[in-house]
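In: The following block contains a protein sequence and its predicted model.
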Amino acid sequence: MKRELDSLVTQMHAGGITYDEAVREFKRRFILEVLASHRGNQCKAAKELGMHRNTLSRTLVELNIDPGQVKTGLRRPPRSERLGFEIKQGTR
């Protein structure tokens, strides 16, 4: 993992990504990952992140993360859509 991180940092630096942009993107992706692992539950995510629930809420606003979209993104599509996809892919 360390090698992957080193490589990523090198690529970001070479690509002209600023420190602020890198930190913001890391925070955004890390928080989204933790939120997804708790199915959008902000209280549980805040606890895992070691921050107060209100701090997480403010951070979500700062990073333009809509917790409702996290929950929506975790839901399975309706059965009719799943079946349509399976039929199109020839798996049925």
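Out: Nice, I can see it. Residues are numbered from 1 along each chain as shown.

In: Would you mark the buried spots in stretch 63-77?
Out: For stretch 63-77, the neighbour count (16 or more other C-beta atoms under 10 Å) marks I65, P67, V70 as buried. Using the backbone N, CA and C atoms, a C-beta is placed for each residue, glycine as well.

In: Run the chain-centre distance for that stretch.
Out: With C-alpha atoms, centre = their mean, to the nearest Å as the basis, stretch 63-77 stands 9 Å off its chain's centre.

In: re the thing from before, among the buried residues of stretch 63-77, which one sits closest to R39?
Out: Ranked by distance to R39 (C-beta to C-beta), the buried residues of stretch 63-77 are led by V70 at 8.3 Å.

In: Verify the contact between the closest one and L35 for me.
Out: Yes: if you go by C-beta atoms under 8 Å, V70 and L35 touch, sitting 4.8 Å apart.

In: Of all residues in the protein, which one is nearest the centre?
Out: In the chain, the residue lying closest to the centroid (C-alpha atoms, centre = their mean) is L32, at 2.6 Å.

In: now the helices: where do they sit in this structure?
Out: Defined through DSSP state H, the helices belonging to the chain, from first to last, are 2-14, 19-37, 42-49, 53-62, 67-74, 79-89.

In: Now flag whichever of the buried residues of stretch 63-77 is closest to K2.
Out: Distances from K2 to the buried residues of stretch 63-77, taken by C-beta to C-beta, are shortest for I65, at 27.4 Å.

In: sorry, back to before: ok, now which ones touch the residue nearest to the centre of the chain?
Out: Each residue near L32 by C-beta atoms under 8 Å, 6 or more residues apart in numbering is listed here: I65, V70.

In: Now that we're looking at it, what pLDDT does it have?
Out: At L32, the pLDDT value in this model is 93.

In: Thank you kindly, that will do.
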